[in-house]
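From the sequence below, what's the structure:
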Amino acid sequence: MTPDCIPPFYYPTTVLFVDDNAAFLANLSLQLSSGLAYRLHSSPLDALLEINAPTSGAPAAWRYFSLDSDTGAQPLWRHAINLHLDKIHREVHNERRFGQIAVAVVDFDMPEIDGLAFCRNIKNPAVKKLLLTGKADEKIAVKAFNQGIIDRFIMKHETDATTLLNQTIAELQHAHFHQSERMLTDALAIGTHDFLRDPGFAGVFRDIHQQLRIVEYYATANPQGLLMLDGDGAAFLLVVQTEDDLLSQYEIAFDQAAPAALLDALKSGEVIPYFWQGGGHYHPDCADWRACLHPARQFRGKRGYTYAVIPNPPAFPLDTVVSFHAFLEHFDHGAPNSGVH
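Sure thing, here's the model as predicted:
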């Protein structure tokens, strides 16, 4: 996550390592960060076939948009684009999400095809490319970076090369999501999820992320916020409300003749309601309304926010979700060119 922006969703991905020296790859795999899913290829041509293989469809972010079919009253050059926000958190049910290749780490000097040619032949522009090269080829790497052929480069024989490699991979994995989800982020930021583009709130989320050891998260529509999961699949719901949102909650509860104690609690700003059985708002059938109120905290960035973290949120069926740790345990187990460190 960058310091000033929260992608609408994020999950760990697989890193592709390409080097014609199989012994180097084997040694490198022992130095990778814990919990990193990776695939090793000593044949760059085989690696290209894998990274360019047909996928199940368009990038995930594209699947949440559609053209309005009701265009009869509109000029032919005008189109309404619908954003299906309620579908984003369903990506957590995609069992293949962790196997997506978001970063390729490629050696420069290879006999079949050099690293730059390899990077030029990657079809998916959202895949981030990291070139490993020797000192003699540094000028070539700098030129390739300036031309946009690669995203980063690291000298193989630098003393801190392994530390730098692990750090850069993590940065590029997040950069992949920022690039592929830019249109989705822009659409959400001008609507209900403007907190995604608030640098101050990004810092709040980063603290929550670290404290709960979150590995994946997804924007939610009702309530607005983020569904978060740790490596074992334990779920937390970060609900984010503006002053207008809380006022709307109060007004609807008032119109529904809610108990005075509930109205006082909503007016205080010290709680966030999560009426998951009432479509997001209070309904007279909600007898146990106290269980729907959660301690809240306030934060003022570009605007004021009230937020709460709800463990094990109801209304999100997650029993069949494959956790990241479960994926790591079974990820291509025993395959010679794959691994999890």
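
Please make it C-alpha for all contacts and neighbour counts, starting now.
OK.

Output the helix or strand in which residue 47 is found as PDB, nothing but the C-alphas.
Using DSSP states H and E, residue 47 sits in helix 44-51. Written as PDB, here are the backbone C-alpha positions of helix 44-51 (Å, rounded to 0.1, in the frame of the first residue of the first chain):
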ATOM      1  CA  PRO A  44      12.800 -18.400 -20.000                       C
ATOM      2  CA  LEU A  45      10.800 -19.700 -23.000                       C
ATOM      3  CA  ASP A  46       8.800 -22.000 -20.800                       C
ATOM      4  CA  ALA A  47       8.300 -19.100 -18.400                       C
ATOM      5  CA  LEU A  48       7.000 -16.900 -21.100                       C
ATOM      6  CA  LEU A  49       4.500 -19.600 -22.100                       C
ATOM      7  CA  GLU A  50       3.200 -19.700 -18.500                       C
ATOM      8  CA  ILE A  51       3.000 -16.000 -17.900                       C
END
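
If you count neighbours, what's buried in that helix?
The neighbour-count check on helix 44-51 (16 or more other C-alpha atoms under 10 Å) flags 44, 47, 48, 51 as buried.

just for the stretch 201-341 of the chain, where's the confidence low?
For the stretch 201-341 of the chain, applying pLDDT under 70 flags the ranges 332-341.

For the buried residues of helix 44-51, give me CSV that also has pLDDT.
Shown next, in CSV, are the buried residues of helix 44-51 (pLDDT from 0 to 100):
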residue, pLDDT
44, 94
47, 94
48, 94
51, 93
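
Columns distance to residue 314 on top of those, output as CSV?
As requested, these are exported to CSV (distance: C-alpha to C-alpha, whole Å):
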residue, distance to residue 314
44, 47
47, 42
48, 43
51, 38
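
Relative to residue 99, which of those residues is nearest.
Distances from residue 99 to the buried residues of helix 44-51, taken as C-alpha to C-alpha, are shortest for residue 51 (11.2 Å).

I'd guessed the closest one sits against residue 122; true?
Yes. Using C-alpha atoms under 8 Å, residue 51 is in contact with residue 122, at 7.1 Å.

Mind jotting down where the helices sit in the stretch 101-250 of the chain?
Per DSSP state H, counting those that start in this stretch, the stretch 101-250 of the chain carries helices over the ranges 115-120, 138-146, 161-180, 182-189, 199-212, 243-255.

Out of these, flag the one nearest residue 98.
Across the helices of the stretch 101-250 of the chain, residue 98 has its closest neighbour in helix 161-180 (11.6 Å, C-alpha to C-alpha).

And the closest one, what does it pack against?
strand 9-10, strand 101-107, strand 128-133, strand 152-155 (3 or more C-alpha pairs under 8 Å, 6 or more residues apart in numbering; DSSP states H and E).

Let's have the ones you listed in a markdown table, adding mean neighbour count.
Below are the helices and strands packed on helix 161-180 laid out as a markdown table (neighbours: other C-alpha atoms under 10 Å):
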| stretch | mean neighbour count |
| --- | --- |
| strand 9-10 | 24 |
| strand 101-107 | 25 |
| strand 128-133 | 25 |
| strand 152-155 | 21 |
